[in-house]
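S.K.: What follows is a predicted structure for the sequence shown.
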Amino acid sequence: MLSLRLLTIIAGFALAGSASAASIGIVAPQSGPYELLGQQVRQGAKAAAAKLGLDVVEIHESCEDGSGGAIADGLVAAKVSAAIGFLCTETLQDVLPPLKAATIPAITLSSRAPILMEDALKYGWPLFRLAPSDRAESDRIAEIILRDWKGHSIGLVDDGTIYSRELVDRIRSSLEENGLKPTLADTMRPNQEQQVALVRRLARTGISHVFVGAERNDVAIIARDAGSENIPLTVMGGDAMNAANNPVPLAANVLAVTRPAYDTLPSAQAVAGELRGAGIEPEGYVLPAYAAAELTAALAEATQAQSKPAPEILAGGTVFKTVLGDLGFSPTHDLSDNPYRLQRWNGQRFEPADKAERQ
């Protein structure tokens, strides 16, 4: 059964008649534990929609199993040009088959579930993701290590979690396939007050450069203890480094392969200023949602001009200019440009580390 909130949305759209303007479905939590993230999605998408003349259809995402069918009904009834948001994988499983029949693309800002994307490709579901895949992270890390760390003794450390082990395994495989064998691969104990034993073990092995697949605080402790032991160690983390700088502050010059802060991108400067002027801080999902709305508006024009279904245009590699830069999708429905970049902590925030690390 449709929720009262969803029924209200559908009824309101039906009363408006057949709108000539393109429309965007914003699927995001309006209450519950993810309400704040949902608010970021709505703020960004609605700001862009107002600027671009998009009609807006807002639908609550409860993130509960089995909730996707009702959401799909609302999107199909509203005849949206595209639907964005989808912060929960639970929503997408039931949303996608009806959206396929209606040729409505679903653009998720956060879901990285590999099995869901495998199903989407297998069954022709119109799922596209602005969130980078796990493989994009490991591919970029391996690329940077191969570029910058040749000639050094390299260590790879995971924290024992499934995510970390798989990440480090993919990095190691890629390095070895390209002729670079790490000197040491090790597993650390996470959430410890100190990592002196690990740092000394790395030093005894002659490691000068180490990638650590762990949470930011664990990486900060390793960097701190290497400094206190006077052990010269270049430390790099992954996307997990994009987190709060506490309880242990990160030492300057620690590296991370992560996505740049969106509001620092040259393409985002003007919009970030406009949003702040309107009392909206361009953080979290605000700018990705803004970009997804920009993409929706351009996609609606392309669909009309080319007389092709929107999912076919997206899967065909068309590139759209957005606040996040040029965005397009590969045949696997992932971002065609890997968004991960090498960043260096300057003591206050991460900044681009464009020059190769050649210590």
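M.R.: Received, thanks.
S.K.: Can you identify each of the helices in the stretch 1-150 of the chain by residue range?
M.R.: Counting by DSSP state H, counting those that start in this stretch, one finds helices in the stretch 1-150 of the chain at the ranges 4-15, 35-52, 68-78, 89-101, 114-123, 134-148.
S.K.: What mean pLDDT does the fourth one get?
M.R.: Put plainly, it is helix 89-101. Model confidence over helix 89-101 averages 96 on the pLDDT scale.
S.K.: can I have that helix written out in CSV, keeping just the CAs?
M.R.: Once non-C-alpha atoms are left out, helix 89-101 reads as follows in CSV (Å, rounded to 0.1, in the frame of the first residue of the first chain):
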residue,chain,number,x,y,z
THR,A,89,20.2,-0.3,-1.2
GLU,A,90,17.1,-1.8,0.3
THR,A,91,15.1,0.7,-1.7
LEU,A,92,16.6,0.0,-5.1
GLN,A,93,16.0,-3.8,-5.3
ASP,A,94,12.2,-3.3,-5.8
VAL,A,95,12.4,0.2,-7.5
LEU,A,96,14.4,-0.8,-10.5
PRO,A,97,12.2,-3.3,-12.4
PRO,A,98,9.3,-0.9,-12.7
LEU,A,99,11.7,1.9,-13.6
LYS,A,100,13.1,-0.2,-16.4
ALA,A,101,9.6,-0.6,-17.9
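S.K.: so that helix versus helix 68-78, what angle?
M.R.: 40 degrees (axes from the mean of the first three to the mean of the last three Cα atoms, to 10 degrees).
S.K.: quick one: the strands in the stretch 101-250 of the chain?
M.R.: Read by DSSP state E, counting those that start in this stretch, the stretch 101-250 of the chain holds these strands, from start to end of the chain: 106-108, 127-129, 154-158, 184-187, 209-213, 234-237.
S.K.: Distance to residue 269 added to the helices of the stretch 1-150 of the chain, as CSV?
M.R.: (Glycine included, C-beta is placed from N, CA and C.) Putting the helices of the stretch 1-150 of the chain into CSV (distance: least, Cβ to Cβ, whole Å) gives the following:
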stretch, distance to residue 269
helix 4-15, 34
helix 35-52, 15
helix 68-78, 33
helix 89-101, 33
helix 114-123, 32
helix 134-148, 24
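S.K.: Pick out the shakiest of the ones you listed, pLDDT-wise.
M.R.: Sorting those by mean pLDDT places helix 4-15 lowest, at a mean of 39.
S.K.: the longest helix in this protein is where?
M.R.: For the chain, the longest helix by residue count, based on DSSP state H, is helix 286-306.
S.K.: Beyond that one, next helix or strand please.
M.R.: Per DSSP states H and E, helix 286-306 leads on to helix 310-315 as the next helix or strand towards the C-terminus.
S.K.: ok, now how distant is the residue nearest the centre of the chain from residue 287?
M.R.: Closest to where the C-alpha atoms of the chain average out (Cα atoms, centre = their mean) is residue 131, at 3.0 Å. Here the criterion is Cβ to Cβ, to the nearest Å. By it, residue 131 lies 13 Å from residue 287.
S.K.: And for residue 338?
M.R.: 18 Å.
S.K.: repeat for residue 125
M.R.: The spacing between residue 125 and residue 287, counted by Cβ to Cβ, is 26 Å.
S.K.: who has more neighbours, the two?
M.R.: Between residue 125 and residue 287, counted using other Cβ atoms under 10 Å, the more crowded position is residue 287 (26 against 23).
S.K.: The residue nearest to that one when sequence neighbours are not counted: neighbouring residues, count only.
M.R.: If the residues on either side of it in the chain are set aside, residue 287 comes closest to residue 262, at 4.1 Å by Cβ to Cβ, 6 or more residues apart in numbering. As a burial measure, the neighbour count of residue 262 was computed by other Cβ under 10 Å and equals 24.
S.K.: tell me the contacts of residue 262?
M.R.: Going by Cβ atoms under 8 Å, 6 or more residues apart in numbering, residue 262 touches 268, 282, 287, 288, 323, 324.
S.K.: if I pick the last one, what's in contact with it?
M.R.: Read it as residue 324. Shown in contact with residue 324 (Cβ under 8 Å, 6+ apart): 262, 265, 267, 268, 287, 288, 291.
S.K.: Now the second one. Its backbone dihedrals?
M.R.: Read it as residue 265. Taking degrees, to the nearest 10, you get phi -70, psi 140 for the backbone angles of residue 265.
S.K.: what's around it, how many residues?
M.R.: Neighbour tally, residue 265, other Cβ under 10 Å: 16.
S.K.: Surely it and residue 325 touch.
M.R.: Yes: the pair residue 265 and residue 325 qualifies as a contact (Cβ atoms under 8 Å) at a distance of 6.3 Å.
S.K.: returning to what we had before: do you know how far the residue nearest to the centre of the chain is from residue 286?
M.R.: Residue 131 is 15 Å from residue 286, by Cβ to Cβ.
S.K.: again, but for residue 170
M.R.: 31 Å.
S.K.: just to revisit the earlier point, redo the contacts of residue 324 as CSV? Include pLDDT.
M.R.: As requested, the contacts of residue 324 are arranged in CSV below (pLDDT from 0 to 100):
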residue, pLDDT
262, 94
265, 93
267, 97
268, 97
287, 98
288, 98
291, 98
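S.K.: Out of those, which comes closest to residue 114?
M.R.: Distance to residue 114 across these (Cβ to Cβ) is lowest for residue 288, with 20.0 Å.
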